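> need a structure here:
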Amino acid sequence: APAPPALPPGALRCRVMVHPRLNRPTAPHTVCDGDHVLLDTSKLSRVKCLKHRPGYMCDGGATYHGYAPGAFLTRCSVGGGGDTVSLTHFPSDHLKDIFDSWRAVGDAEAAEA
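All right, here's what the predicted structure looks like:
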């Protein structure tokens, strides 16, 4: 019998809102929770600027994390198809960088995770 996938079935659930008491420039204010979300640290790097907020506080050394595609993985499917979340649900900062790297994977990819 084949070995079970290394990454068990999981889920990522996000709720999108614009909170009236939080800063407008940081909208939308999205809260996510997940089950069995894997962080592949080999896909992290140090960077001087955020991918989705270029030019913001980029002076000095590489103080931010860069996230390559697949840095975050979950064995699940995305409603509506595809393997990524809509980046319009996140503000243009480190959160958008993180969720730009997240991927939903199937059984074959989960076995290699």
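
> quick one, phi psi at residue 87?
For residue 87, the backbone dihedrals (degrees, to the nearest 10) come out as phi -70, psi -10.

> End to end on stretch 71-86, go ahead and measure it.
Across its full length, stretch 71-86 reaches 17 Å between end residues, using Cα to Cα, to the nearest Å.

> Run through who's touching it.
Taking contacts as Cβ atoms under 8 Å, 6 or more residues apart in numbering, the residues outside stretch 71-86 that touch it are 5, 7-12, 14, 34-40, 43-44, 98-107, 109-110, 113. From N, CA and C alone the C-beta is placed, and that goes for glycine too.

> Check the offset of it from the chain's centre.
Taking the mean of its C-alpha atoms, stretch 71-86 sits 10 Å from the chain's own mean (Cα atoms, centre = their mean, to the nearest Å).

> do stretch 17-35 as well
15 Å.

> What average pLDDT does that stretch get?
Looking at stretch 17-35 alone, the average pLDDT works out to 88.

> and what of stretch 68-78?
Computed over stretch 68-78, the average pLDDT equals 91.

> May I have the distance across that stretch, first residue to last?
Counting by Cα to Cα, the terminal residues of stretch 68-78 are separated by 20 Å.

> Equivalent analysis for stretch 73-89, please.
The straight-line separation of the ends of stretch 73-89 (Cα to Cα) is 18 Å.

> now swap in stretch 76-87 and tell me
Counting by Cα to Cα, the length from the leading to the trailing residue of stretch 76-87 is 18 Å.

> re earlier: restricted to buried residues, select the contacts of stretch 71-86 in PyMOL.
Below is the selection syntax for PyMOL that covers the buried ones among these, with 16 or more other Cβ atoms under 10 Å defining burial:
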select buried, resi 5+7+10+12+36+37+38+98+99+100+101+102+103+104+105+109+110
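
> just checking, which of the contacts of stretch 71-86 belong to helices?
Assignment to helices by DSSP state H places the following of those there: 98-101, 107, 109-110.

> which one of those is nearest residue 49?
When these are ranked by distance to residue 49 (Cβ to Cβ), residue 100 comes first, at 14.2 Å.
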